[in-house]
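> Need coordinates for the following:
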Amino acid sequence: MKELNKLQTAIFLFGGILMAVGAGTTLLGWGSAPYIFAIGALGFSSMQMQQRYEGQNFTIRRLRRMMLLSDVLFLVAALLMFASKGNFLGLSYITYIEYVYNKWVIVLLIAALLQLYSMHRIGSELEKEAKK
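Down below sits the predicted model:
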């Protein structure tokens, strides 16, 4: 895997912290929380997307695609956080409640699980590859 430089690593870590703070403060009802989460998600996802795997291991490539999917889901969760603040999509009230309101939590959970699984497996696969 391509390593990030110090600035990119700092953006990556700060983005992760902002995502956690934004998600936590959204549950407390803080109005600026979706903005904090969105900035964190942009930083975290963009830095993770810059990491590349240049090897030929199919398993790592598959896990990398899962990781990229989770990055996109983090960004979708940020969008749904904004949509949960008000019905700016022009949907009927029932449709809005059924499909949009607070569904960011589900998307965030799926993204976090994919991220955890893929990061753990990529680490173990890279260790196997280094031993060969």
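> so what's the residue positioned nearest the centre of the chain up against?
Taking C-alpha atoms, centre = their mean, the centroid of the chain lies closest to residue 74, which sits 3.2 Å from it. By C-beta atoms under 8 Å, 6 or more residues apart in numbering, residue 74 lies in contact with 19, 41, 44-45, 108, 111. Any C-beta I mention is one placed from the backbone N, CA and C, and that applies to glycine too.
> CA atoms only for the helix or strand bottoming out on mean pLDDT in the chain, dumped as CSV, please.
The weakest-scoring helix or strand in the chain, judged by mean pLDDT, DSSP states H and E, is helix 93-99 (a mean of 80). Only the C-alpha atoms of helix 93-99 are listed here, as CSV (Å, rounded to 0.1, in the frame of the first residue of the first chain):
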residue,chain,number,x,y,z
TYR,A,93,-44.0,14.0,4.5
ILE,A,94,-44.6,10.3,4.7
THR,A,95,-42.0,9.5,2.0
TYR,A,96,-39.5,11.7,3.8
ILE,A,97,-40.0,10.0,7.1
GLU,A,98,-39.9,6.5,5.6
TYR,A,99,-36.8,6.9,3.4
